[in-house]
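**Student:** here is the input, now give the coordinates:
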Amino acid sequence: MAKIAKKVAAGREGIDRNKLYTLEAAVKLVKSKASAKFDETVEIAMNLGVDPRHADQMVRGVVSLPNGTGKTVRVAVFARGAKADEAKAAGADIVGAEDLLEIIQGGKLDFDRCIATPDMMPLVGRLGKILGPRNLMPNPKVGTVTMDVKGAVGAAKGGAVEYRVEKAGIIHAGIGKVSFSEEALLQNIKAFTDAVVKSKPAGAKGTYVKKVAVSSTMGPGVHVEPASAI
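**Tutor:** Numbers count the residues shown, from 1 in each chain. Below you'll find the predicted structure:
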């Protein structure tokens, strides 16, 4: 434990917890402070001026990051017949109908994104209690309930990131890897924040983007001047 505490303290050195950094400076710091033996994910957290308990203040969507996420995304598709063949040809990792339902009900969720054709939703709906809490439930608003199975699988594999505001008004997502160049990370962050800003709901009042922070998986958070990130 002492070793971990020492590492955390070393990671925080040189970072002023009370300062708001420009996005460029923050990304530079996050990259320089990453010290894990694996390629850490760079994450962004945005504190929004919304109360998602109200339907007119919900923020959710999907954005394709220009440089991908650096993560291998496993995709499951609920489809039959020609659409199932289309999903397999597009590179889906698991494709099925009732058989896939049974696999998931059995507790095996070996995938990161779930896509379904509209006709499969009565079947998929039976998995709401399993997929919902894991943010894996297919939804037409984020393009995961669709007849364009090929496009949806391609987007998921190519770096599409879903986002959804949580109870406290916070959105967070992985937007790349520490091994990415600063420029690639900046482009991804700008694409992400731009999508969140465009998703501003009608019910949002006052300041929409209140706080922004970036961090790596094992590194400290660096607070960002919101205006420089959006």
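**Student:** which other helices and strands does the helix of greatest length in the chain contact?
**Tutor:** What stands out as the longest helix in the chain, according to DSSP state H, is helix 182-198. Helix 182-198 sits against helix 23-33, strand 41-48, strand 60-64, strand 160-164, strand 170-177, strand 209-216, helix 226-229, with contacts defined as 3 or more Cβ pairs under 8 Å, 6 or more residues apart in numbering; DSSP states H and E. Every C-beta, even on glycine, is put in place using the N, C-alpha and C of the backbone.
**Student:** flag every buried residue along it.
**Tutor:** A184, L185, L186, Q187, N188, I189, K190, A191, F192, T193, A195, V196 (16 or more other Cβ atoms under 10 Å).
**Student:** hey, what's G174 bridged with?
**Tutor:** Taking DSSP bridges, one obtains E43 as the residues bridged to G174.
**Student:** burial of it, as a residue count?
**Tutor:** 18 (other Cβ atoms under 10 Å).
**Student:** ok, the residue nearest to the spatial centre of the chain to A155 distance?
**Tutor:** Geometric centre of the chain, nearest residue: A173, 3.9 Å, by Cα atoms, centre = their mean. A173 sits at a distance of 15 Å from A155 (criterion: Cβ to Cβ, to the nearest Å).
**Student:** next: G81.
**Tutor:** For G81, the distance to A155 equals 22 Å [Cβ to Cβ].
**Student:** who has more neighbours out of those two?
**Tutor:** The neighbour count for G81 versus A155, taken as other Cβ under 10 Å, is higher for A155 (23 against 9).
**Student:** may I have the phi/psi pair for the more buried one?
**Tutor:** phi -70, psi -40 (degrees, to the nearest 10).
**Student:** quick one: contacts for it?
**Tutor:** A155 makes contact with V62, S64, G143, according to Cβ atoms under 8 Å, 6 or more residues apart in numbering.
**Student:** list just the nearest of these to I103.
**Tutor:** Distance to I103, by Cβ to Cβ, is smallest for G143 among the contacts of A155, at 23.3 Å.
**Student:** what is the burial count for the closest one?
**Tutor:** By other Cβ under 10 Å, the residues close to G143 number 18.
**Student:** is it true that it touches V62?
**Tutor:** Yes. Counting by Cβ atoms under 8 Å, V62 is a contact partner of G143 at 5.7 Å.
**Student:** overlap in contacts of those two?
**Tutor:** Residues touching both G143 and V62 by Cβ under 8 Å, 6+ apart: A155, A160.
**Student:** where does this structure dip in pLDDT?
**Tutor:** For the chain, the stretches flagged by pLDDT under 70 are 1-14.
**Student:** repeat the analysis, applying 50 as the threshold.
**Tutor:** 1-8 (pLDDT under 50).
**Student:** how near is the nearest residue to D56 once chain neighbours are set aside to N47?
**Tutor:** Distances taken as Cβ to Cβ, 6 or more residues apart in numbering place G203 nearest to D56, at 3.3 Å, with adjacent residues excluded. Distance of G203 to N47, given as Cβ to Cβ: 17 Å.
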